[in-house]
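Novice: I'll drop the sequence and a predicted model, then ask my questions.
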Amino acid sequence: MEQFSPTNTHQAEWFAESFDKIVSNVEEALVGKHTEIQLVLASFFSGGHVLIEDTPGTGKTVLAEAIANCLDVSNSRVLMSPELSPADIVGTSVYNQKTSTFEFHKGPIFKTMVLIDQINHATPMTQGAVLEAMENGFVSVDGEVFEVDSPFFVIATQNGADPASSYYPLAHGYLDRFMMKVSLGYPEDAYVEKLITDSGLRTRASQVEKILGKDPAIVMSALPPGVFLGPDIASFINRIARNSRIDPRLSQGVSMRGVLQLAGAARTWALSRGRSSVIADDIVELAPSVLAHRVVPAYDAESPDDSAVDVINDIVTRAADPRN
């Protein structure tokens, strides 16, 4: 079994300081979205992936590009469409006449940070190519296995209930592969006015300065597994998952993958606060973003207007009492 060295207070303080610098820097490009930036970065340093669902023009692409620039890591962007095939994502083998052999030409998935724009515009087969890389850390082409970059982070976006005919909703099993689902929404009035004032900047993401290189990012990513998560917190997470599976408002509760990813995200969240141990507040703050997209509302629920986020928040509140 892989062993992790306990993360100490000094490391936690360094992580939190670096994390805050990155958040502040990215916020120069995506103003007024402090918490959302924190959530996305927490997923990155936890080894997870993020789905951003929102209306067009709320800054989803800007966020991904700003983080890539801030961390100074290799990145790519794929605008999904029904015409794209898996080979357009992972690459293809090309015959070399000089050597009489096939050579693999890597696709855009072989970068540290990959923005999959409008993932719900691609067919399930093409979506599956992205999900294979996310889940396994490698892709298979013509019987050969090729590892993706490390660290490897996918930010996928979708524009909600798109009325266009080329709309392929992500299957529930695919949604479960994302550590978090985040919605950006429109900024508050004061931030809108700042954006209007600065509208001469054509690409705000390009203005973001490099704060961290790839090597320090790898060091930061190695710290969360060593954060202490005690039996009381493990029991709290278990109660949330167990109660979600028997809640009449849900036809499907939290998966075991969701349980483990909530624990992983909580460890990173604790570090971002300068702590080397997880507390209950970390679970409360993260549960909606980590769990709501994994559950399936029941069609015959007594309160059909309750969103998945509302249900998860209610379950978390009840599970906070060890008697539940």
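Specialist: That came through fine.

Novice: which regions of the stretch 1-150 of the chain sit below the pLDDT cut-off?
Specialist: The model of the stretch 1-150 of the chain has pLDDT under 70 over residues 1-4, 57-58.

Novice: All the helices of it, in order from the start?
Specialist: If DSSP state H, counting those that start in this stretch is used as the criterion, the helices of the stretch 1-150 of the chain fall at 9-26, 34-46, 60-71, 86-90, 124-136.

Novice: right, so of those, which gets closest to Ile312?
Specialist: helix 34-46 (14.7 Å; Cβ to Cβ). Every residue, glycine included, has its C-beta placed from N, CA and C.

Novice: So what's the gap between the closest one and the chain middle?
Specialist: 8 Å (Cα atoms, centre = their mean, to the nearest Å).

Novice: Check which helices and strands it sits against.
Specialist: Helix 34-46 sits against helix 9-26, strand 50-53, helix 60-71, strand 153-158, strand 180-182, helix 214-222, helix 256-272, helix 280-291, with contacts defined as 3 or more Cβ pairs under 8 Å, 6 or more residues apart in numbering; DSSP states H and E.

Novice: buried ones in stretch 144-153?
Specialist: Under the neighbour-count criterion of 16 or more other Cβ atoms under 10 Å, stretch 144-153 has Phe146, Val148, Asp149, Pro151, Phe152, Phe153 buried.

Novice: still on that earlier bit, dump the helices of the stretch 1-150 of the chain into CSV; add mean neighbour count and distance to Tyr186 as well.
Specialist: Output for these, formatted as CSV (neighbours: other Cβ atoms under 10 Å; distance: least, Cβ to Cβ, whole Å):
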stretch, mean neighbour count, distance to Tyr186
helix 9-26, 18, 18
helix 34-46, 23, 12
helix 60-71, 24, 12
helix 86-90, 20, 31
helix 124-136, 19, 27
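
Novice: Distance to Ala222 for those - can I get that in JSON lines?
Specialist: JSON lines is the format used below for these (distance: least, Cβ to Cβ, whole Å):
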{"stretch": "helix 9-26", "distance to Ala222": "10"}
{"stretch": "helix 34-46", "distance to Ala222": "9"}
{"stretch": "helix 60-71", "distance to Ala222": "15"}
{"stretch": "helix 86-90", "distance to Ala222": "27"}
{"stretch": "helix 124-136", "distance to Ala222": "20"}
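
Novice: Of the ones you listed, give the one that comes closest to His293.
Specialist: helix 34-46 (12.6 Å).

Novice: what comes into contact with that closest one?
Specialist: Helix 34-46 has contacts (Cβ atoms under 8 Å, 6 or more residues apart in numbering) with 19, 22-23, 26-27, 30, 49-50, 52, 63, 67, 113, 151, 153, 155, 179-180, 182-184, 217, 220-221, 223-224, 261, 264-265, 267-269, 271-272, 286, 289.

Novice: In CSV, list the C-alpha atoms belonging to that helix.
Specialist: The C-alpha trace of helix 34-46 is given here as CSV (Å, rounded to 0.1, in the frame of the first residue of the first chain):
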residue,chain,number,x,y,z
HIS,A,34,-13.0,34.2,-5.6
THR,A,35,-14.8,31.1,-4.3
GLU,A,36,-15.2,29.5,-7.7
ILE,A,37,-11.5,29.9,-8.5
GLN,A,38,-10.7,28.3,-5.2
LEU,A,39,-12.9,25.3,-5.9
VAL,A,40,-11.3,24.8,-9.4
LEU,A,41,-7.8,25.1,-8.0
ALA,A,42,-8.6,22.7,-5.1
SER,A,43,-9.7,20.1,-7.7
PHE,A,44,-6.4,20.6,-9.6
PHE,A,45,-4.2,20.1,-6.6
SER,A,46,-6.4,17.1,-5.5
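
Novice: how far off helix 60-71 does it point, in degrees?
Specialist: Put simply, helix 34-46 runs at 60 degrees to helix 60-71, going by axes from the mean of the first three to the mean of the last three Cα atoms, to 10 degrees.

Novice: tell me the angle helix 34-46 makes with helix 9-26.
Specialist: Interaxial angle, helix 34-46 versus helix 9-26 (the same axes, to 10 degrees): 130 degrees.

Novice: Tell me the bridge partners for the residue most central in space within the chain.
Specialist: Compute the mean C-alpha point of the chain, and by Cα atoms, centre = their mean the closest residue is Val50, 1.9 Å away. Judged by DSSP bridges, the bridge partners of Val50 are Ile155, Met180.

Novice: before we move on, the earlier item: just the buried residues out of the contacts of helix 34-46, in ChimeraX syntax.
Specialist: In ChimeraX syntax, the buried subset of those is picked out as below (16+ other Cβ under 10 Å):
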select :19,22,23,26,27,30,49,50,52,63,67,113,151,153,155,179,180,182,184,217,220,221,223,224,261,264,265,267,268,269,271,272,286,289
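
Novice: Brilliant, that's me finished.
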